[in-house]
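J.: Kindly return the folded structure for what I paste below:
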Amino acid sequence: MARSIVPITAMYLVCVSGGQPQPKSFSVYTEKLLLKPGQVHNGWSKPLALPKEIVKQFMNRTMYLKGLQLDIVHIDPISGAETSAPLSRVYNHHHALLAGDSKTLWYIYNRSKGKDPLG
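T.: As a prediction, the model looks like this:
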């Protein structure tokens, strides 16, 4: 039976605006993945936009990423409740993050989709 999971990436950033840095965090979600027991997902995910409030805050400014954390979650289709998927159900061996402007990220995605990122 396929199980729906959603990788979530929480990014932590430091906002520097004159005074002391003000750490903030935000999350972005990939599209839903359906995996069967023992199945491997080893492909590119579509580029994701940053949350609108983050884009607005850093328009024409530099944003420094302080950290990155990945979690794989299950979202209940009825309640919308989010729970971390336990390692007994799904395991994340590695992941990569590409950051950049939308045009460049879509170019990379379109040239790479359907190909194994590891060769």
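
J.: next helix or strand past whichever helix or strand S25 is part of?
T.: Per DSSP states H and E, S25 falls inside strand 22-29. Using DSSP H and E, the helix or strand that follows strand 22-29 in sequence is strand 33-35.

J.: neighbouring strands for that next one, and are they parallel or not?
T.: Sheet pairing here is set by DSSP bridges, and for strand 33-35 it gives strand 3-15 (antiparallel).

J.: Give me the average confidence score over the partner strand.
T.: The predicted model gives strand 3-15 an average pLDDT of 50.

J.: Please enumerate the helices of the chain.
T.: 52-57, 102-112 (DSSP state H).

J.: what's in contact with the last one?
T.: Pointing back at helix 102-112 there. Helix 102-112 is contacted from outside by W44, K46, P47, A49, L98, using C-beta atoms under 8 Å, 6 or more residues apart in numbering. Yep, even glycine has a C-beta here, placed from its N, CA and C like the rest.

J.: Now the buried members of these.
T.: W44, P47 (16 or more other C-beta atoms under 10 Å).

J.: Which pair in the contacts of helix 102-112 has the greatest spatial separation?
T.: Of all pairs drawn from those, the greatest distance, 16.1 Å, lies between W44 and A49 (C-beta to C-beta).

J.: How much space separates Y64 from I75?
T.: Distance, Y64 to I75, by C-beta to C-beta, to the nearest Å: 30 Å.

J.: mind listing what's buried in stretch 41-55?
T.: Neighbour-count burial for stretch 41-55 flags W44, S45, P47, L50, I54 (criterion: 16+ other C-beta under 10 Å).

J.: From the residues you listed, which land in strands?
T.: When the buried residues of stretch 41-55 are checked against strands (DSSP state E), there are no matches.

J.: could you redo the helices of the chain as JSON lines and give each row distance to L68?
T.: Below are those laid out as JSON lines (distance: least, C-beta to C-beta, whole Å):
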{"stretch": "helix 52-57", "distance to L68": "14"}
{"stretch": "helix 102-112", "distance to L68": "16"}
